[in-house]
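In: Sequence and predicted model, in that order:
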Amino acid sequence: MGFFVRWTQIMSTMFEVIPEKCTSCMQCELACSWVQTGTFRPSRSLIRVHVFDEEASYAPYACTQCDEAWCMTACPVNAITIDARTGAKIVVERLCIGCHLCTIACPFGTIFTTPETGTAAKCNLCGGAPACVVTCPTAALVSIEQPSRGGWFEPWSDLVQRRFADAHSN
Amino acid sequence: MAGWTGKLLRVNLTTGKCASEPIPDAWLREYVGGRGLAARYLFEELDPTVDPLSPENKLIFATGPLTGTSVPSSARYMVVTKGALTNAITTSNSGGAWGPELRFAGYDLVLIEGRAPKPSYLFVYDDHAEVRDATRYWGCGVFETEDGLRRETGLPNLRIAGIGPAGENLVRFACIMNDKHRAAGRSGVGAVMGSKNLKAIAVRGTQGIPIADPESFLRAVWQLRRQMNENPSCHAFGELGTAATIDMTQAWGGLPTRNFQQGQFEHYANLNGNSIRDTRMYRNKACFGCTIACGRVTYLGDAWNKFLVNTHPRNWRVAGEGPEYENAWALGADTGVGDLDAVLKANWLCNDLGMDPISMGSTLAAAMELYEKGVLADDQVELPLRFGSGDALVRMVEATAYREGFGHELAEGAKRMGEKFGHPEVFMGVKGQEFPAYDPRGFQGMGVAYATCNRGACHLRAWTPGAETSGVFPPHTTEGKAPWVINEQNRSTAHDNTGICLFVAFAGGPIESLVPCTAAATGVPFTIEDFVKIGERTWNLERLWNLNAGLSRADDNLPKRLLEEPHTSGPSKGVVVRLEPMLNDYYASRGWSSDEGRPSPEKLAELGLANL
């Protein structure tokens, strides 16, 4: 068993979560917070390990980079866009107005607000080499190659990109 | 300040006042953190002659500069106080995720003083700290308290260190449990916490730990990660857990059995790492930041309705953790119980009720010996305390935590119990603390390591079996063991001070790897020599404190059984511990006086302790 996190349409790469291998050591949270803040600060990590003591179940969980990204469609100022290199949905902090709509729209609860700045923060796949995957000692998080799921999303993606470009130019 | 947060949270339970104060910079550099730093505070503030269960005693929770960082196994915190079991300084270490959370909240140390007028818990959320009412949790087990506090505060990520009924009832070997199954186990730190009416310390931290030199730090961390990954024992720990050690001690005749009457246990194969993995293990669990993951999540399976007790009429659905090697030995081999299910159940009960399984098992083993020798009559005990009785084991664990019936005697520990019934010789330990699971007749080095450890019998300060079975020196000789033990004690103490788990050292990442990590994290250019000196300084400081508390060379002794009664079979047949020559060598090599073991003025001056 394992569930897939959509990485990119362009590189057709994903990172796979294998909960059975997770030991809840939190190295992924440490690595993510290090990338985000330059300190060890799991409260700012964008990947979260959910620990279910009773069931002895540990599940690392981060943004699934949905094809139809509701955070992106909800954003009123087009501050969320697609990273051309990885296909990750990324927050452009300069444009974000901190309205929290994306955090409400996300069905998975994987987009957060940074209290200090009030802006949204989400997994951007570290530009292609996620630190959590690099650090995971048990290979519960791994990068895998995966064929693309098709292009139904692309016209919509173009629209978003265009609107983003407009917002950017203003 | 990088690496360290440099802050201490001082909590006076009598007044309910919580205040943050800076830790002197010089102390941070002299002791690095954790155990050493806490010992320095204890030396400064606590009269060593106080009753450990009085409000005057102080309870310190200490982390190191690497706790909560990405250094592997960075989960440890240390509880330092005057022990209820030993009347000596305690240094009980625990993993889980509580220590890192305390650092994320912005504190290196928590110092508890006074006594709360009613059951209370300490709530810490970053800079906010307050003492809150815990009346509703008084009497609850550890698991229930943790779940209750999370529900009450609405914080699912709250990390809790607290006591169970054993601590409340001042059982002399009660532990402080955190994250449900992790324990600062030894020396009765839980009883000290219970005497302060403090049920738990609940912490949530959202701040970051800054690093002075990120680039060097990451390089040092990855160097250590690689080193550990290439080391076979690192993988063995993950695969079989600590209980794999049983095979080794059994093979060398150093697995104490039936209260140290034998050195080998015939049912050892029921309790070892393979048996646990193959029959009762559900999966691995790691402490915070740990790449080894030696924790076993275990379940009772089809034995769910065996060994039912009053407080737990139903067994847990999916299990708890353990047993570790020490628990499997104390609750298994030492009491002669070869039934893994009984050991498993007793181990969980110990966790939920908040008791040290090592002392629990050893004390029960001593009582079993008294019973079998006819000193204890049937009307004095609730059920026959025969070696090998799983029912007696599980029931007595419960009875001890609640001090019911004969459990009231067991709750005082083997030393006090033995003295009460006129047979002090059944106590197997040092300074009032029961031995862990290495028979010094099988491993001579452990004899001097046990005798000289500042916190009473302890296997973690200098673990000689590794060296004695791998050809560094033979297990049954005494030559050269004392200097080796001294060196190891100094190194492991410095290791403890950083806040990293000792298993990193066993699994191929010795202190040499932690020096660059600490230097990069704190920005202070520590060297290996510095670290050894820091370890030695801490050790001598603890020794000084113990001497002031009234301990002396007479307390650095082993029970008569180990010195005079050899095993009659097995690889360690005919061997007794020749402690005297090793101890003389030890004192001389330490630079301590031979009569009471007091550090000489020159030694103190060399360590910068001259004015203490």
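Out: Arrived safely.

In: out of everything not next to it in sequence, what's closest to the one residue in the stretch 451-600 of chain B that gets nearest to chain A?
Out: Of all residues in the stretch 451-600 of chain B, the one sitting closest to chain A is residue B:521 (9.6 Å; Cβ to the nearest Cβ). Any C-beta I mention is one placed from the backbone N, CA and C, and that applies to glycine too. Distance criterion Cβ to Cβ, 6 or more residues apart in numbering or on different chains; nearest residue to residue B:521, sequence neighbours excluded, is residue B:3 at 3.8 Å.

In: wouldn't that neighbour be in contact with residue B:65 here?
Out: Yes. Contact status for residue B:3 versus residue B:65: in contact at 4.1 Å, counting by Cβ atoms under 8 Å.

In: OK, contacts around residue 74?
Out: Using chain A. Residue A:74 makes contact with A:101-102, A:104-105, according to Cβ atoms under 8 Å, 6 or more residues apart in numbering or on different chains.

In: not what I meant, chain B
Out: B:66-68, B:100, B:288-290, B:499-501.

In: Give me the neighbour count for the residue of the stretch 451-600 of chain B closest to chain A.
Out: By the criterion of other Cβ atoms under 10 Å in any protein chain shown, residue B:521 has 30 neighbours.

In: OK, contacts around it?
Out: Counting by Cβ under 8 Å, 6+ apart, residue B:521 has contacts B:2-3, B:65-66, B:69, B:211-213, B:217.

In: Would you confirm that residue B:261 contacts residue B:366?
Out: No. Residue B:261 is not in contact with residue B:366 according to Cβ under 8 Å; the separation is 11.0 Å.

In: Those two: who's more crowded?
Out: The residue with more neighbours, out of residue B:261 and residue B:366, is residue B:366; 29 against 18, by other Cβ under 10 Å.

In: residues contacting the residue of the stretch 201-350 of chain B found nearest chain A?
Out: Nearest to chain A, among the residues of the stretch 201-350 of chain B, is residue B:208, at 2.9 Å (Cβ to the nearest Cβ). Applying Cβ under 8 Å, 6+ apart, we find residue B:208 in contact with A:33, A:37-41, A:44, B:104.

In: Just flag the most distant two among those.
Out: Comparing all pairs in these by Cβ to Cβ, the longest separation belongs to A:38 and B:104, at 14.9 Å.

In: Those two: which has the busier surroundings?
Out: The residue with more neighbours, out of residue A:38 and residue B:104, is residue B:104; 28 against 12, by other Cβ under 10 Å.

In: Ramachandran angles for the more buried one?
Out: Dihedral pair for residue B:104: phi -70, psi -30, per degrees, to the nearest 10.

In: neighbours around the nearest residue to it once chain neighbours are set aside, how many?
Out: Excluding the flanking residues, the one nearest residue B:104 by Cβ to Cβ, 6+ apart is residue B:205, at 2.9 Å. Look at residue B:205: counted by other Cβ under 10 Å, it has 24 neighbours.

In: In this model residue A:39 seems to touch residue B:205, though I could be wrong.
Out: No. Here residue B:205 does not reach residue A:39: they are 11.9 Å apart, not a contact under Cβ under 8 Å.

In: Quick one: name the residues of chain A near chain B.
Out: Within reach of chain B by Cβ under 8 Å from any Cβ of the partner chain, chain A has these residues: A:20, A:23-27, A:30-31, A:33-34, A:37-44, A:53-56, A:58, A:135, A:137-138.

In: tell me which element residue A:112 is part of?
Out: Here residue A:112 sits within strand A:111-113, counting by DSSP states H and E.

In: And the helices in the stretch 251-400 of chain B?
Out: B:268-271, B:273-275, B:325-330, B:340-353, B:357-372, B:390-401 (DSSP state H, counting those that start in this stretch).

In: check contacts around the residue nearest to residue B:104.
Out: Residue B:205 is in contact with A:43, B:101-106, B:124-126, counting by Cβ under 8 Å, 6+ apart.

In: Need the phi and psi values for it.
Out: phi -120, psi 140.

In: picking up where we left off before, select from the contacts of residue B:74 every entry located in helices.
Out: Judged by DSSP state H, the subset of the contacts of residue B:74 located in helices is residue B:100.

In: Relative to residue A:96, how far out is the most centrally placed residue in chain A?
Out: Most central in chain A under Cα atoms, centre = their mean is residue A:123, positioned 2.8 Å from the mean C-alpha point. Using Cβ to Cβ, to the nearest Å, residue A:123 is found at 15 Å from residue A:96.

In: Report the secondary structure state of the residue of the stretch 451-600 of chain B closest to chain A.
Out: helix (DSSP: H, G, I helix; E, B strand; the rest coil).

In: what sits against the residue lying closest to residue B:77 once chain neighbours are set aside?
Out: Among residues not flanking residue B:77 along the chain, residue B:99 sits closest, at 3.2 Å (Cβ to Cβ, 6+ apart). Contact partners of residue B:99, counting by Cβ under 8 Å, 6+ apart, are B:63, B:67-68, B:75-77, B:288, B:499.

In: now swap in residue B:443 and tell me
Out: B:252, B:254, B:464-465, B:468-469, B:475.

In: Mark which of these are part of helices, please.
Out: Using DSSP H, these in helices are B:465, B:468-469.

In: do you know how far the residue of the stretch 201-350 of chain B closest to chain A is from residue B:106?
Out: 10 Å.

In: Can you name the helix or strand that residue B:103 falls in?
Out: Residue B:103 belongs to helix B:98-104, assigned by DSSP H and E.

In: What mean pLDDT does the following helix or strand past that helix get?
Out: As assigned by DSSP H and E, the chain's next helix or strand after helix B:98-104 is strand B:109-113. For strand B:109-113, the mean pLDDT works out to 97.

In: try stretch B:231-246
Out: 88.

In: measure that stretch end to end?
Out: In stretch B:231-246, first residue to last residue: 20 Å (Cα to Cα, to the nearest Å).

In: tell me the contacts of residue B:175?
Out: B:92, B:163, B:166-167, B:183-186, B:189-190, B:354-356.

In: Among the residues you listed, which are located in helices?
Out: Using DSSP H, the contacts of residue B:175 in helices are B:166-167, B:189-190.

In: circling back to that earlier point, output the contacts of residue A:74 in a markdown table, with distance to residue B:15, secondary structure and pLDDT appended to each entry.
Out: Below are the contacts of residue A:74 laid out as a markdown table (distance: Cβ to Cβ, whole Å; DSSP: H, G, I helix; E, B strand; the rest coil; pLDDT from 0 to 100):
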| residue | distance to residue B:15 | secondary structure | pLDDT |
| --- | --- | --- | --- |
| A:101 | 47 | helix | 96 |
| A:102 | 46 | helix | 96 |
| A:104 | 44 | helix | 95 |
| A:105 | 49 | helix | 95 |
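
In: Throw the residues you listed into TSV and include neighbour count and distance to residue B:529, thanks.
Out: Below are these laid out as TSV (neighbours: other Cβ atoms under 10 Å in any protein chain shown; distance: Cβ to Cβ, whole Å):
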residue	neighbour count	distance to residue B:529
A:101	17	58
A:102	25	54
A:104	12	57
A:105	15	58
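
In: farthest pair in these?
Out: Spatial extent of the contacts of residue A:74 (Cβ to Cβ) is set by the pair A:102 and A:104 at 7.3 Å.

In: tell me the phi and psi of the residue lying closest to residue B:46 once chain neighbours are set aside?
Out: Sequence neighbours aside, residue B:58 is the residue nearest to residue B:46 in space, at 5.0 Å (criterion: Cβ to Cβ, 6+ apart). In terms of degrees, to the nearest 10, the main-chain angles of residue B:58 are phi -120, psi 150.
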